[in-house]
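Q: Quick check, what structure comes out for this input:
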Amino acid sequence: MMVGILRSLKNVVSAFLLVLLLTSCGGGLAAGFNTYQSPDGRYAFLYPTGWTRVTVSGGPKVVFHDLINSDETLSLVVSEVGQDVGLEELGSPEAVGEKLMREVIAPDGAGREVDLVEAKERKDSDHTFYDLEYSVHLQNRDRHELATVVLDRGYLYTLAASTNEVRWLKVRKIFERSITSFTFLI
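A: Take a look at the predicted model:
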């Protein structure tokens with residue numbers, strides 16, 4: 001009987017330790033990040049700890065930047081496109097990436113050259129996302145940008161993270177985590 005009790009106790013302790021281990025591993029997914037949630041509770045995304053929100057008049061809806069490397073930014077642009085428009089109707093990931101490049105990142109006269117490095121589709125929470133990567137060439141420096149584009153209820157959401165090319169390899173995983181964390185809550 002004592003052996004049975006010890007075995008049961010061992011199983012309970014093992015299960016508890018497994019749950020504790022899984023919980024601590026899952027919590028680590030957002031380690032080093034804070035959550036931004038829209039005031040209306042509609043959407044949320046992660047941004048790196050130590051970044052601060054700034055207000056840009058006439059610009060993106062939400063902007064964060066690194067306090068130490070202030071040219072590293074995370075910004076959200078929300079544009080109305082109409083209720084009957086689906087992301088696939090706007091085109092493939094490559095077509096949307098090219099259009100964003102021509103019309104927003106490097107329109108005529110902007111003094112920038114941009115290359116679309118990668119464009120891919122991702123499904124998450126009943127939404128289709130287009131994840132885009134750009135290399136941006138300015139007169140005096142090069143930059144790198146990641147963006148995700150998604151449509152919901154007649155609005156196009158574009159969350160983009162940008163940095164100086166020199167820091168790209170150091171922040172790539174952080175930017176990928178931020179960009180792919182964008183989610184709708186309602």
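Q: use CA for all of it now, contacts and neighbours both
A: Noted.
Q: now this protein, which segments are flagged as low pLDDT?
A: Low-confidence segments of the chain (pLDDT under 70): 1-30.
Q: Pop the domain breakdown of it in here.
A: 1-30, 32-184 (automatic domain parsing).
Q: who touches stretch 127-134?
A: For stretch 127-134, the external contacting residues (C-alpha atoms under 8 Å, 6 or more residues apart in numbering) are 87, 93, 97, 114-123, 144-152.
Q: how about 7 Å then?
A: 93, 97, 114-123, 144-150 (C-alpha atoms under 7 Å, 6 or more residues apart in numbering).
Q: Next step: these restricted to strands.
A: Counted as lying in strands by DSSP state E, out of the contacts of stretch 127-134, are 114-123, 144-150.
Q: Buried only: go through these for me.
A: 114, 116, 119, 144-150 (16 or more other C-alpha atoms under 10 Å).
Q: Mind putting those residues into a markdown table with distance to residue 169?
A: As requested, these are arranged in a markdown table below (distance: C-alpha to C-alpha, whole Å):
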| residue | distance to residue 169 |
| --- | --- |
| 114 | 18 |
| 116 | 17 |
| 119 | 19 |
| 144 | 10 |
| 145 | 12 |
| 146 | 13 |
| 147 | 16 |
| 148 | 19 |
| 149 | 22 |
| 150 | 26 |
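Q: For this structure, which segments count as helices?
A: Secondary structure of the chain (DSSP state H): helices at 2-27, 87-90, 93-100, 168-180.
Q: what's the last one packed up against?
A: Which is helix 168-180. Helices and strands touching helix 168-180, by 3 or more C-alpha pairs under 7 Å, 6 or more residues apart in numbering; DSSP states H and E, are strand 43-48, strand 142-152, strand 155-164.
Q: Swap in 10 Å and give it another go.
A: If contacts are counted by 3 or more C-alpha pairs under 10 Å, 6 or more residues apart in numbering; DSSP states H and E, helix 168-180 sits against strand 33-37, strand 43-48, strand 73-80, strand 127-137, strand 142-152, strand 155-164.
Q: quick one: buried residues of the third one?
A: So that's strand 73-80. Result for strand 73-80 [16+ other C-alpha under 10 Å]: buried residues 73-78.
Q: With stretch 36-46 instead?
A: 36-37, 44-46.
Q: In these, find the pair that's most separated.
A: By the measure C-alpha to C-alpha, 37 and 46 form the most distant pair in those, at 8.8 Å.
Q: Tell me which residues touch residue 166, please.
A: For residue 166, the contact set (C-alpha atoms under 10 Å, 6 or more residues apart in numbering) comprises 141-144.
Q: which two in the residues you listed are spaced the farthest apart?
A: 141 and 144 (10.4 Å).
Q: Between those two, which contacts overlap?
A: Both residue 141 and residue 144 are in contact with 164-166, where contact means C-alpha under 10 Å, 6+ apart.
Q: Adding distance to residue 107, write those out as CSV.
A: Formatted as CSV, the shared contacts of residue 141 and residue 144 follow (distance: C-alpha to C-alpha, whole Å):
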residue, distance to residue 107
164, 20
165, 21
166, 24
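Q: Thanks a lot, see you next time.
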